[in-house]
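In: got a predicted structure here, sequence first:
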Amino acid sequence: MKNCNQCSHSCKSFTAPLTLSILLLAFSFNLDAQLVNVEKSRKEARPGFQGHIDLNMMLTKNTKQIFEAGTSALLQYTRDKHTILLLNNIGLMRLEGDNLINNGFQHLRYNFSPGSGFAVLEIFTQHQYNSIRLLQRRFLLGGGPRFRIFESGDMGIYIAPLVMYEQELLNDDDNSRTDKFKGDLYVSLTYSLDERINFSHTTYYQPDFAIMKEFRLSSETGLELKFNESFSFLVTYNLAYDSDPPAGIPELFYTLRNGIKYNF
């Protein structure tokens with residue numbers, strides 16, 4: 001095995017661009033999804049505080065081409081059977097050289113594990129805004145059970161049939177406000193190929209209880225390559241569909257991200 005002296009030239013050539021990338025990304029932010037994927041952000045529950053910071057670059061194609069660089073932060077606290085998760089993402093994006101657009105969300109979730117962990121009670125609230133989708137404000141409040149269908153040392157499958165209240169406002173227009181009760185069903189799969197390679201997939205389905213033909217569907221697939229215990233490289237593909245978007249907004253969005261993740 002080469003020691004540090006033998007690898008000094010290689011280490012310097014790798015560290016310089018990596019440090020530059022982190023510095024550039026640290027001043028930018030990201031958000032595009034209608035449905036926020038909390039599953040990918042969960043930490044394996046252990047007592048006390050833990051979390052991570054994601055730094056990424058992203059290309060989105062809908063009616064225009066969008067380039068983003070961004071970051072999101074997670075803080076999780078666990079004590080006995082209780083877990084609190086706080087996820088924050090605030091972003092700026094540029095559309096084919098046009099003005100920057102502001103986006104963001106804040107998500108708070110509480111989990112209670114009454115027994116062996118087969119079933120967990122979840123309660124969540126979320127605030128979100130997204131200029132590119134004409135979303136001035138979206139507020140969510142919901143909850144329900146989350147079931148562990150299968151779990152082993154390297155694989156886990158989970159399903160959660162949740163319900164939620166959604167308040168949405170478009171374009172600074174109070175007349176556009178809607179108040180709905182919706183389903184929030186998601187299925188999550190995690191798989192570790194080995195100690196350094198992790199695969200994850202989550203699909204969300206959110207139907208309107210009053211008009212079941214109106215729904216949102218989001219699917220996210222991610223690959224995490226670990227450099228060490230602290231740093232990872234991320235590749236994420238997101239596909240989002242809204243059956244009833246605002247006028248002028250496409251029904252289908254897709255996103256490809258590459259980024260760096262720091263765990264603490």
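Out: Received the coordinates, thanks. Numbering: from 1, shown residues only.
In: every contact and neighbour count from this point should use C-alpha atoms.
Out: Will do.
In: for the protein, which segments count as helices?
Out: 8-25 (DSSP state H).
In: can you pull out the low-pLDDT segments for the stretch 101-250 of the chain?
Out: Applying pLDDT under 70 to the stretch 101-250 of the chain picks out residues 101, 172-174.
In: do that again at 90, thanks
Out: Within the stretch 101-250 of the chain, the segments meeting pLDDT under 90 span 101-104, 114-118, 129-136, 152-153, 170-177, 195, 229, 234, 236, 244-250.
In: and the strands in it, which stretches?
Out: 119-130, 135-151, 155-170, 178-192, 197-207, 215-226, 231-242 (DSSP state E, counting those that start in this stretch).
In: residues making contact with the last one?
Out: It refers to strand 231-242. When contacts are defined by C-alpha atoms under 8 Å, 6 or more residues apart in numbering, strand 231-242 is touched by residues 33-35, 214-227, 251-263.
In: now residue 216. Nearest residue, chain neighbours left out?
Out: residue 242 (4.5 Å; C-alpha to C-alpha, 6 or more residues apart in numbering).
In: do you know how far the one you found is from residue 205?
Out: 10 Å (C-alpha to C-alpha, to the nearest Å).
In: now for these two: what residues contact both?
Out: Going by C-alpha under 8 Å, 6+ apart, residues that sit against residue 242 and also against residue 205 are 215-217.
In: and the contacts of strand 231-242, which are buried?
Out: Listed as buried from the contacts of strand 231-242 are 33-35, 215-226, 253-262; burial here means 16 or more other C-alpha atoms under 10 Å.
In: contacting residues for residue 77?
Out: 47-50, 83-85.
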